[in-house]
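Asks: need the 3D shape of this:
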Amino acid sequence: MKKLSVSLKGQILAVSTSRRKGEKKSNLSECELLKDKGLEGDAHAGDWHRQVSLLAMESIAKIRDKGLDVAPGDFAENITTTGIGIWQLKLGTRLAVGSEAELEITQIGKECHDRCAIYHQVGDCVMPREGIFARVIRGGKVKPGDTIRVLPSGQDRQG
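Replies: As a prediction, this is how the structure comes out:
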């Protein structure tokens with residue numbers, strides 16, 4: 001069996017929030033990741049394991065290839081990445097986000113109880129399979145263009 005290689009470094013394409021759950025998110029020029037909470041002003045922020053959601057542009061491209069015009073934030077993800085295979089990472093992996101923040105992956109994929117609008121339009125949605133969720137270990141500002149990278153496991157980390 002061939003082992004998949006994971007790029008350890010990528011870039012943030014979009015940072016997105018929404019005031020209510022179950023809706024597309026709006027892209028921002030910058031936002032604050034709050035320790036143990038999530039993105040400031042986002043409906044999903046709180047004291048739980050899915051404080052921040054991430055989805056790769058490479059995953060969004062799969063739906064675009066099926067003819068749907070979708071963009072970052074349309075899958076209700078908080079952070080859209082490129083160049084890093086986030087869907088291949090393991091639970092517990094830590095990510096350095098921008099120059100200050102750190103996330104820890106707490107869930108890969110999710111169960112969709114109600115099919116979203118994207119699923120009804122193209123018969124598929126990538127968020128349940130390739131979206132990941134994380135908690136904020138260390139807060140900080142995050143914006144499009146920032147680097148996102150996998151931290152080595154076992155590295156001395158601040159918490």
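
Asks: ranges for the strands of the chain?
Replies: Taking DSSP state E, the strands of the chain run over residues 9-17, 26-28, 31-34, 38-39, 52-56, 79-82, 94-97, 101-108, 132-138, 140-142, 147-150.

Asks: tell me which helix or strand of the protein sits lowest on mean pLDDT?
Replies: Across the helices and strands of the chain, mean confidence by mean pLDDT, DSSP states H and E is lowest for helix 117-122: a mean of 49.

Asks: low pLDDT regions in this protein?
Replies: Scanning the chain for pLDDT under 70 picks out the ranges 1-6, 110-128, 154-159.

Asks: and the longest helix along the chain, what's buried?
Replies: Counting by DSSP state H, the longest helix found in the chain is helix 57-64. Judged by neighbour count using 16 or more other CB atoms under 10 Å, the buried positions of helix 57-64 are 57-60, 62-63. Every residue, glycine included, has its C-beta placed from N, CA and C.

Asks: packing partners of that helix?
Replies: Helices and strands in packing contact with helix 57-64 are listed as strand 79-82; criterion 3 or more CB pairs under 8 Å, 6 or more residues apart in numbering; DSSP states H and E.

Asks: still on that earlier bit, to residue 67, which of the strands of the chain lies closest?
Replies: strand 52-56 (18.9 Å; CB to CB).

Asks: from the middle of its chain, how far away would that closest one be?
Replies: Mean C-alpha position of strand 52-56 versus that of the full chain (CA atoms, centre = their mean, to the nearest Å) differs by 1 Å.

Asks: ok, now stretch 10-30?
Replies: Using CA atoms, centre = their mean, the distance between the centre of stretch 10-30 and that of its chain works out at 10 Å.

Asks: what is the most centrally placed residue in the chain paired to in the beta sheet?
Replies: Using CA atoms, centre = their mean, the residue of the chain that lies closest to the mean C-alpha position is residue 54, 0.6 Å off. Beta-bridge partners recorded for residue 54 (DSSP bridges): residue 79, residue 132.
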